[in-house]
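>>> Just need the structure, nothing else, for what follows:
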Amino acid sequence: SRGTRDRRKKIEDFADRLRERFKEVEIGWSLMGVHRIRFRHEGRPARVTLPAEGEMTLRLEEKISPKFPCVIKTRGRFEWPWAWVGLRPLDRIKIFDPLLDESVLIYTTAVFGGYLRELALQEIARDGGAKGIAESLIVLRKTPGIRKFRLSMSESTGFQVRFTMRTEDLYFRPDALEAAVHHVLKLYDALVMY
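Below you'll find the model as predicted:
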C-alpha cells in the first residue's frame, strides 16, 4: 500500500541521516510494523525502534543489566504516586531540588532512590546549572520535537527511553538524536555502571 511504501521510505531516509552521526547503521524490517535501526555510538551498540507514528524508542544493547528498577519521565498533567515496571509498582521519590523535581518524575526503590538523590544533589552546580545526571535528564527533556520521554530500566527490560514526539524534528536532526544518545549513555553509566 502507499502508506507502507511512504513509511518505508521515511525510515530509509531517517537511517541515511543517522549515518551522518553514527557508525554501523542497519535497518531491520518487521512484518509487524515495528522497524529497528541498529547502530553504534562511542563504540557502544544501541537501537532505535519506531513502534508507532509519533513514537521512538531508544534501547541500549549493553551486556550488563540494571540492578534496580527505575522509571524517570517527563512531568505531565497527572502525577501518579507510583509507576509500573512490568508487574512491579515503584514509589515516587523526590530529589528536593527544583531543577529536577519541576522537570521530571522519578520512581524507584527506597534504596536506589537514596543513591539517585545523593548523586543528583552532589552534581547540581551552585549557580543553578546542571551537571551529571541532572544535565542529562534536562537535555532529554528539551530534545527538539519531543513532547515527553520515559526512561525505564530493570533487569528484565534492560535500559530504554521512549520518546513521544510533538513534531518530527528527530527524523531530520541527527545532531539532536546524537545528543540524546550521548546523554542516555551517560545515564546508563551513572545508573547501571556505578
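
>>> which residues in this structure form helices?
Applying DSSP state H to the chain gives helices spanning 2-18, 98-101, 110-123, 132-141, 169-172, 174-191.

>>> Against D6, how distant is the residue most central in space within the chain?
With distances taken as C-alpha atoms, centre = their mean, the residue of the chain nearest its centroid is V161 (2.6 Å). Going from V161 to D6 by C-beta to C-beta, to the nearest Å gives 26 Å. Just so you know, the C-beta spots here come from the backbone N, C-alpha and C atoms, and that holds for glycine as well.

>>> for P98, same thing?
Relative to D6, and taking C-beta to C-beta, P98 is found at 44 Å.

>>> try T49
From T49 over to D6 (counting by C-beta to C-beta), the distance is 18 Å.

>>> Who has more neighbours out of the two?
Using other C-beta atoms under 10 Å as the criterion, T49 and D6 rank with T49 on top: 19 against 10.

>>> May I ask you to confirm that that one is in contact with M56?
Yes: judged on C-beta atoms under 8 Å, T49 makes contact with M56 at a distance of 7.5 Å.

>>> so who does K23 touch?
F39, R40, H41 (C-beta atoms under 8 Å, 6 or more residues apart in numbering).

>>> Swap in 6 Å and give it another go.
R40 (C-beta atoms under 6 Å, 6 or more residues apart in numbering).

>>> Provide the partner residues of it in its beta bridges.
R40 (DSSP bridges).

>>> again, but for the one 4 residues further on
Each beta-bridge partner of I27 is listed here, defined by DSSP bridges: I37.

>>> Count the neighbours of it for me.
Neighbours around I27, by other C-beta under 10 Å: 16.

>>> now the one 4 residues further on
Using other C-beta under 10 Å, L31 has 5 neighbouring residues.

>>> Please report the distance of it from F14.
For L31, the distance to F14 - C-beta to C-beta - is 19 Å.

>>> what's the answer for F96, then?
Taking C-beta to C-beta, one finds F96 at 40 Å from F14.

>>> quick one: which of the two has more around it?
F14 (22 against 10).

>>> which residue packs closest to the more buried one, ignoring adjacent ones?
Y171 (5.1 Å; C-beta to C-beta, 6 or more residues apart in numbering).

>>> my read: the one you found touches D13, true?
No: look at Y171 against D13 with C-beta atoms under 6 Å: they stay out of range, at 7.7 Å.

>>> Which one's more surrounded, the two?
Y171 (18 against 12).

>>> can you list the weak-confidence ranges in the chain?
Across the chain, residues meeting the criterion (pLDDT under 70) sit at 33-34, 125-129.
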